[in-house]
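Chemist: After the sequence you'll find the predicted model.
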Amino acid sequence: MSARIVLEAAKYISKTDLVKGTWGNVSYRGENKVWITPSGVPYDEMTENDIAVVDLDSGEWMAGNFKPSSELPMHLAIYRKCPEIKAVVHFHAVYSSAFSAFTGDVPCYTEDQAQIIGGRIRITEYAYPGTEELAKNVVEALKDRFGAIIANHGAVAIGRSMKEAIAAAEVLEKSCQIAWLAGKNGRELSEDDIVRLRKLYLDSYSKKIAKDR
């Protein structure tokens, strides 16, 4: 079941322009195991048996036809730091990737960004892909957020279910597009409004999506 959740999510994001080719990766946590897309396998050719199974504590590759994604350290670091998180989606969409070349944060212009992401989208410090340093930077950027941008690389979204992680990924990319188009003329939500909208989402709107796989 967990392998199918990852496979379906991987195929979905490949059809929605969140990823191109074999770039990006998806994972799902169940108890102390993590199911993650393999390294270098095209999404349209991927099967359930190709999904790698990894021990959450040791990081040991336990099953699957191919080795886990090279970004496994980032996925494991997120799960270890955030026990409520069940899914991670790493993607390389156009607007979030464009912002990955910037410094600072992506402003919070819309209510859905405030609700699902949690406010401004942080951009990490640069670190080489697949490293523990990158994993550490991402975990820091995700503090009280469901999405972040990885410097000169791409973006990552998380959720208490795969549906929520995918929703966060889509809202993050849309938010980057809006910020790009609005530029310096954008009117950012106040911090008080962001806090209230985020609380409304967590306490009410998200009840079903957080429980769905």
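Modeler: Great, that's in hand.
Chemist: Do you have the helices of this structure handy? List them.
Modeler: With DSSP state H, the ranges of helices along the chain come out as 2-15, 72-81, 94-99, 111-112, 132-141, 162-182, 191-200, 207-211.
Chemist: Looking at the ones you listed, which is nearest to residue 121?
Modeler: Closest of the helices of the chain to residue 121 is helix 162-182, at 6.2 Å (criterion: CB to CB). Bear in mind the C-beta positions are built from the backbone N, C-alpha and C, glycine included.
Chemist: pLDDT averaged over stretch 72-84 - what is it?
Modeler: Confidence over stretch 72-84 (mean pLDDT, whole number) is 97.
Chemist: what's next to it, contact-wise?
Modeler: Stretch 72-84 is contacted from outside by 25, 27, 29, 34, 36, 54, 56, 59, 69, 85, 88, 90, 130-132, 134-136, 138-139, 142, 156, 158, 160, using CB atoms under 8 Å, 6 or more residues apart in numbering.
Chemist: Let's see that with 7 Å instead.
Modeler: If you take CB atoms under 7 Å, 6 or more residues apart in numbering as the criterion, stretch 72-84 is touched by 27, 29, 34, 36, 54, 56, 59, 85, 88, 130-132, 134-136, 138-139, 142, 158, 160.
Chemist: try stretch 121-138
Modeler: 70-71, 73-74, 77-78, 99-100, 102-106, 141, 145, 147-153, 156, 172, 175.
Chemist: Would you mind listing which of the residues you listed are buried?
Modeler: Among the contacts of stretch 121-138, the ones that count as buried by 16 or more other CB atoms under 10 Å are 71, 73-74, 77-78, 99-100, 105-106, 141, 145, 147-151, 153, 156, 172, 175.
Chemist: and the residue located most distally from the centre of the chain, what pLDDT?
Modeler: Ranking residues of the chain by C-alpha distance from their mean position (CA atoms, centre = their mean) puts residue 185 at the top, at 27.9 Å. On pLDDT, residue 185 comes in at 86.
Chemist: Right, I'll leave it there.
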